[in-house]
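just coords:
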Ligand SMILES: [Zn+2]
């Protein structure tokens, strides 16, 4: 797909400078002259113009864990640091509430224009470079938060390589940030595309079917299995289109197009509450937000991107 990398969180060509990750002196020098993106409980610091960067001596980093080196934006070294131990005066309870956290938390050490915000709510305000930096920061920091102990022996592990690895002092095992592949597919049959909705989604919201790739499975096999399991539809040709890092918490979405061989839908009620075939004409009104029953996939998500490009005949 020619437009593959124009998806939100698509590649911005960030120079990650992995060769400097093991150089402690270089890291210290870059941290001193660089900038840091604080992330609080998965929410990056934002300001009106985009991401909310601070200097490495900022009071905001008082609770920070070890910084992660993200790479260079032009000549500027960029880091991220987790400040989840900080307790805001208000709004901490909102983070766990609802389908998407719309709350914002403000830090007393920063101007009022700065706030911690859910990345899915803020992602459309970011440049491609900022989106790549934010997705990388969120994914790596979340991995550190949930992988504090060695998966081999259970001892506490420690970050090394500028945050791109954890090392176990007890057994010597090395651990690397996880990325979990998820297939998401635009299934078509002639003039129609298949949409489904999960029981936990907001009312009326529909999207493409999706599911985790299992060990021992190709992308194509995962597409066929998921559509068969969730909707009872057999697929013919499957082709890969575009990928999207989706750090909620650690997915890599693999966008595919697939042709259905059968039409009848048999739902797996544990996975899907409803699924249906939508004509191109109806899909135009879904995407415009004017359809009476079906609300579109979230703008910025790869499902929205695939459907939009299908409508515009730009999947090649
Ligand atoms: Zn160990």
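Perfect, thanks for sending it. Since the structure is predicted, the reported quantities are computational estimates derived from the model, not experimental observations. Numbers count the residues shown, from 1 in each chain.

where does the nearest residue to residue 112 once chain neighbours are set aside fall, phi/psi-wise?
Nearest residue to residue 112 in three dimensions, chain neighbours excluded: residue 106, at 6.5 Å (Cβ to Cβ, 6 or more residues apart in numbering). Every C-beta, even on glycine, is put in place using the N, C-alpha and C of the backbone. Here is the backbone geometry of residue 106 (degrees, to the nearest 10): phi -110, psi 140.

List the contacts of residue 106.
Residues near residue 106 by Cβ atoms under 8 Å, 6 or more residues apart in numbering: 88, 112, 114, 115, 116.

Let's see if you can find the most crowded of those.
Within the contacts of residue 106, most neighbours by other Cβ atoms under 10 Å means residue 116, with 27 neighbours.

For it, give me its contacts.
38-41, 43-46, 88, 104-107.

ok, how many other residues are close to the residue nearest to residue 27 when sequence neighbours are not counted?
Sequence neighbours aside, residue 162 is the residue nearest to residue 27 in space, at 5.4 Å (criterion: Cβ to Cβ, 6+ apart). When neighbours are counted by other Cβ under 10 Å, residue 162 registers 23.

so residue 162 makes contact with residue 19?
No. Using Cβ atoms under 8 Å, residue 162 is not in contact with residue 19; the gap is 10.8 Å.

any idea which of the contacts of residue 116 is least confident?
pLDDT is lowest at residue 88 among the contacts of residue 116; the value there is 87.

Quick check: phi and psi at the residue lying closest to it once chain neighbours are set aside.
Of all residues not flanking residue 88 in the chain, residue 105 sits nearest, at 4.3 Å (Cβ to Cβ, 6+ apart). Backbone geometry at residue 105, expressed as degrees, to the nearest 10, gives phi -120, psi 130.

and residue 105, how many residues sit next to it?
If you count neighbours by other Cβ under 10 Å, residue 105 ends up with 22.

Likewise for residue 292?
Using other Cβ under 10 Å, residue 292 is surrounded by 6 other residues.

Next: the one 3 residues further on.
Other residues near residue 295 number 16, with proximity taken as other Cβ under 10 Å.

Over to residue 271?
Look at residue 271: counted by other Cβ under 10 Å, it has 17 neighbours.

From what I see, it and residue 229 are in contact.
Yes. With contact defined as Cβ under 8 Å, residue 271 reaches residue 229; the gap is 7.1 Å.

what touches both of the two?
With Cβ under 8 Å, 6+ apart as the test, residue 271 and residue 229 both reach residue 211.

and the residue positioned nearest the centre of the chain, what are its phi and psi?
The residue lying closest to the centre of the chain (Cα atoms, centre = their mean) is residue 246, at 1.7 Å. Backbone torsions for residue 246, taken as degrees, to the nearest 10, come to phi -140, psi 90.

Surely it touches residue 303?
No. Checked against Cβ under 8 Å, the pair residue 246 and residue 303 is beyond contact range at 10.7 Å.

Distance of the residue nearest to residue 53 when sequence neighbours are not counted relative to the ion?
Counting by Cβ to Cβ, 6+ apart, residue 53 lies nearest to residue 35, which is 4.0 Å off, once chain neighbours are set aside. According to Cβ to the ion, to the nearest Å, residue 35 stands 34 Å off from the ion.

didn't residue 188 look like it was pressed against residue 258?
Yes. Here residue 188 reaches residue 258: they are 7.4 Å apart, a contact under Cβ under 8 Å.

can you give me the strands for the stretch 101-250 of the chain?
In the stretch 101-250 of the chain, the strands defined using DSSP state E, counting those that start in this stretch lie at 115-116, 158-160, 165-167, 174-175, 180-189, 192-197, 209-212, 235-246.

Tell me if stretch 166-173 is near the ion.
Yes. Stretch 166-173 comes into contact with the ion (Cβ under 5 Å from the ion), by way of 168, 170, 171, 173.

Among those, the buried ones, what's the ChimeraX command?
Selection of buried members from the residues of stretch 166-173 next to the ion for ChimeraX, criterion 16 or more other Cβ atoms under 10 Å:
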select :168
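
what's the residue nearest to residue 132 when sequence neighbours are not counted in contact with, if anything?
Distances taken as Cβ to Cβ, 6+ apart place residue 12 nearest to residue 132, at 4.4 Å, with adjacent residues excluded. Neighbour list for residue 12: 127, 128, 129, 131, 132 [criterion: Cβ under 8 Å, 6+ apart].
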